[in-house]
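Enquirer: quick check, what structure comes out for this input:
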Amino acid sequence: QVHLVESGGGLVQAGGSLRLSCAASGSIFSIDAVSWYRQAPGKERELIAGITEDGTSRLADSVKGRFAISRDNAKNTSYLEMNNLKPEDTAVYYCNVDIFSSEYDYEGSEYWGQGTQVTVSS
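Expert: Here you go, the predicted structure:
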């Protein structure tokens with residue numbers, strides 16, 4: 001069994017910064033792609049950042065230049081560094097992780113974090 005724990009959300013003023021973490025634990029052989037999504041009230045869940053196992057990352061245009069995604073494979077943890085936050089960044093942020101549980105797990109499984117609220121005041 002795999003467990004994902006997100007942390008780092010909170011209330012911040014516009015222009016401020018937050019760092020979200022997504023830590024995986026349990027039956028983990030390897031972690032493939034990690035993605036971060038967000039969902040604002042009344043809106044669809046939006047993919048904003050992704051990083052492959054070798055560290056190649058991509059960011060949505062809406063956060064490019066302000067957010068950065070990274071990972072620490074030794075700690076099974078991914079980070080979303082958010083700078084120059086804007087009120088429109090207010091949302092619940094989720095991590096999504098592709099995990100292989102053993103060397104015999106050829107398909108892997110997708111896991112979601114519980115979500116962490118980010119609120120940016122103007």
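Enquirer: what residue of this protein is the furthest out?
Expert: Here the chain reaches farthest from its C-alpha mean at Tyr104, the gap being 26.6 Å by Cα atoms, centre = their mean.
Enquirer: could you report the separation of it from Trp112?
Expert: 24 Å (Cβ to Cβ, to the nearest Å). Backbone N, C-alpha and C define where each C-beta goes, glycine included.
Enquirer: what about Ile69, how many neighbours?
Expert: 22 (other Cβ atoms under 10 Å).
Enquirer: try the one 5 residues further on
Expert: The burial metric for Ala74, expressed as a neighbour count using other Cβ under 10 Å, is 6.
Enquirer: likewise for Arg71?
Expert: Arg71 - counted by other Cβ under 10 Å - has 21 other residues nearby.
Enquirer: who does the nearest residue to it once chain neighbours are set aside form a beta bridge with?
Expert: Counting by Cβ to Cβ, 6 or more residues apart in numbering, Arg71 lies nearest to Ser78, which is 4.5 Å off, once chain neighbours are set aside. Note on Ser78: beta-bridge partners Cys22, Arg71, judged by DSSP bridges.
Enquirer: so Ser78 makes contact with Ala33?
Expert: No: under the criterion of Cβ atoms under 8 Å, Ser78 makes no contact with Ala33, lying 9.9 Å away.
Enquirer: which neighbours do those two share?
Expert: By Cβ atoms under 8 Å, 6 or more residues apart in numbering, Ser78 and Ala33 have these common neighbours: Ile51, Val97.
Enquirer: so if I had to pick from these two, which one is more boxed in?
Expert: Per other Cβ under 10 Å, whichever of Ser78 and Ala33 has more neighbours is Ser78, with 29 against 17.
Enquirer: contacting residues around that one?
Expert: Contacts of Ser78 by Cβ under 8 Å, 6+ apart are Ser21, Cys22, Val34, Trp36, Ile51, Ile69, Ser70, Arg71, Asp72, Cys95, Val97.
Enquirer: again with Phe29
Expert: Contacts here follow Cβ under 8 Å, 6+ apart; on that basis Phe29 touches Ile99, Phe100, Ser101, Ser102, Glu103, Asp105.
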